[in-house]
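Asker: Provided below are the primary sequence and the corresponding predicted coordinates.
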Amino acid sequence: MQKQQLSFKYELEKKVPRLAPGGITRGASVNDFPASVGLAGVSMRLQPGGMRELHWHANAAEWGYVLTGSMRNTLVHPDGTSYIDNFEPGDVWYFPRGYGHALEATGNTECHFILIFDNGNFSEDHTFSVTDFIAHTPKEIVAQNLGLTLEEVALLPTKEAYFALGANPDDSAAIAQPRTYPALTSTHRYPLHAQAPRVIPGAGKQRLVSQNEFPISKTITGSLLELEPGALREMHWHPNADEWQYYISGSAEMTVFLAEATAVTEQFSAGDVGYVPMGAGHYIKNIGTEVCRILIGFNSGNYESIDLSEWLAANPDDVLITNFGIPAEVVKKLPGRKLFIAPATS
Ligand code: MN
Ligand code: MN
């Protein structure tokens, strides 16, 4: 594909969903969104009592962020340890590639969350569900393995459940490991919204969770970026990671610069996904009248960015005078420091 034809926008929430009793899911892998090579994402909603069944992902780690509602997740590690955590809006989880897990809504309202996978080829082909595994194993083996009679094995699903719907676990049993909110990081849970953000007065804020804050998250860094109307997440790039974005609210414009005189400018609004390849230059500007909130995932446990203002500030004036062919008075007007987010121009 010619890079000129690439789009870095995918209208995820307009996709026809996969639906079943208990849940709704919309996913964007590289098959749906060709630019999205290094990361993929899913917007999933579980109804009260809804469950995303026990499963694992063969080729990707899973990073999750709760937008609304509450949930309980279970996880098993290959060393035999297991974990049950409860999640509320603003909480993050990370499940290493291949580890078995399940997700279940725990409240009386729908639970909506975003999943980010560190492989654009993430797809259902690489997701293994417990019911599918059992349904495709000889019944005698299942009976021997689980200590059941063949009649009891016949009660199990004969195909993948994917979603399941049961009693709403919104009772004390849901709180298998009570938490004190905003509690602190458990092995798999990080309360991102409880983090004191990096604030750029009048321009915006950023919360960031890398493996420095959340040690298990070795392959994904997450960020929650908020831009005030007119504010600009300045021109920058990430030396070590691709970037996957979910626009939670508001609207924005992004240009992705691909070198060799090629750049793509697109507009994004709530429910859209954006993508930036590793190393590609980009900015994000809030073009609406409300705060623009963006959930961002990077496919590295370490966050790195180089921002244009900081780079220019690191050079002597004469370098900039010669490079840009501009007079010294104009060079003196440059920021001279890292902006990160520039406020709206008045
Ligand atoms: Mn999963
Ligand atoms: Mn970026």
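Answerer: Good, I have the coordinates. Ligands and ions are numbered 1, 2, ... in the order given.
Asker: So what sits opposite Leu19 in the bridge?
Answerer: With DSSP bridges as the criterion, Leu19 is bridged to Ile24.
Asker: mind checking pLDDT for it?
Answerer: At Leu19, the pLDDT value in this model is 93.
Asker: ok, and the closest non-adjacent residue to Asp32?
Answerer: The spatial neighbour of Asp32 that comes closest, neighbours along the chain excluded (C-beta to C-beta, 6 or more residues apart in numbering), is Tyr10 at 6.5 Å. To be clear about C-beta, it is placed using only N, CA and C from the backbone, and glycine gets the same treatment.
Asker: residues touching that neighbour, list them.
Answerer: The contact partners of Tyr10, taken as C-beta atoms under 8 Å, 6 or more residues apart in numbering, are 28, 32-33, 36, 272-275.
Asker: Over to Trp311?
Answerer: Trp311 makes contact with no residue under the criterion C-beta under 8 Å, 6+ apart.
Asker: What segments of the protein are helices?
Answerer: Applying DSSP state H to the chain gives helices spanning 130-135, 139-146, 150-153, 308-313, 317-324, 328-332.
Asker: Take the ones you listed and write them to a markdown table, including distance to Gly250.
Answerer: Formatted as a markdown table, the helices of the chain follow (distance: least, C-beta to C-beta, whole Å):
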| stretch | distance to Gly250 |
| --- | --- |
| helix 130-135 | 39 |
| helix 139-146 | 50 |
| helix 150-153 | 52 |
| helix 308-313 | 23 |
| helix 317-324 | 33 |
| helix 328-332 | 33 |
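Asker: count of neighbours near Ser251?
Answerer: Neighbour count of Ser251, defined by other C-beta atoms under 10 Å: 18.
Asker: hang on, I meant Gly297
Answerer: So Gly297, with other C-beta under 10 Å, has 25 neighbours.
Asker: Same question for Leu312.
Answerer: Counted with other C-beta under 10 Å, the neighbours of Leu312 add up to 18.
Asker: any idea how far it is from His282?
Answerer: 17 Å (C-beta to C-beta, to the nearest Å).
Asker: Okay, now the unreliable bits of the stretch 1-150 of the chain?
Answerer: Along the stretch 1-150 of the chain, segments meeting pLDDT under 70 span 1-4, 124-125.
Asker: Now do the strands in it.
Answerer: For the stretch 1-150 of the chain, the strands defined by DSSP state E, counting those that start in this stretch cover 9-10, 18-20, 23-28, 40-46, 50-57, 62-68, 71-76, 82-87, 91-95, 101-105, 111-117, 127-129.
Asker: now those in a markdown table, with distance to Pro335?
Answerer: Formatted as a markdown table, the strands of the stretch 1-150 of the chain follow (distance: least, C-beta to C-beta, whole Å):
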| stretch | distance to Pro335 |
| --- | --- |
| strand 9-10 | 29 |
| strand 18-20 | 47 |
| strand 23-28 | 35 |
| strand 40-46 | 33 |
| strand 50-57 | 43 |
| strand 62-68 | 32 |
| strand 71-76 | 43 |
| strand 82-87 | 39 |
| strand 91-95 | 32 |
| strand 101-105 | 44 |
| strand 111-117 | 32 |
| strand 127-129 | 46 |
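Asker: Deepest in the core, which of these is it.
Answerer: Comparing the strands of the stretch 1-150 of the chain by mean neighbour count (mean count of other C-beta atoms under 10 Å), strand 91-95 comes out on top with a mean of 27.
Asker: partners of that one in the sheet?
Answerer: Applying DSSP bridges, strand 91-95 is found paired with strand 62-68 (antiparallel), strand 189-191 (antiparallel).
Asker: how about those in CSV, adding distance to Ser305?
Answerer: Listed next are the strands paired with strand 91-95 as CSV, based on distance: least, C-beta to C-beta, whole Å:
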stretch, distance to Ser305
strand 62-68, 18
strand 189-191, 20
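Asker: closest to Arg337 out of the ones you listed?
Answerer: strand 189-191 (30.0 Å; C-beta to C-beta).
Asker: Please state the offset of the closest one from the chain centre?
Answerer: How far strand 189-191 lies from its chain's middle: 14 Å, per C-alpha atoms, centre = their mean, to the nearest Å.
Asker: contacting residues for Asp118?
Answerer: Asp118 makes contacts with 38-39, 60-61, 63, 97, 219-220, 299, as judged by C-beta under 8 Å, 6+ apart.
Asker: Tell me which two in these are the farthest apart.
Answerer: Across the contacts of Asp118, the longest distance by C-beta to C-beta is 14.2 Å; it joins Gly38 and Arg97.
Asker: With neighbour numbers in mind, choose between these two.
Answerer: Set side by side, Gly38 and Arg97 show more neighbours around Gly38, with 22 against 16, by other C-beta under 10 Å.
Asker: Thought Pro277 was touching that one, still the case?
Answerer: Yes - counting by C-beta atoms under 8 Å, Pro277 is a contact partner of Gly38 at 7.4 Å.
Asker: any common contacting residues for the two?
Answerer: Counting by C-beta under 8 Å, 6+ apart, the residues touching both Gly38 and Pro277 are Asp242.
Asker: returning to that earlier point: of all the strands paired with strand 91-95, which one is nearest Ile294?
Answerer: Ile294 sits nearest to strand 62-68 of all those, at 11.5 Å, using C-beta to C-beta.
Asker: Now do Glu260: how many residues are near it, please.
Answerer: Here the number of neighbours of Glu260 (other C-beta under 10 Å) works out to 7.
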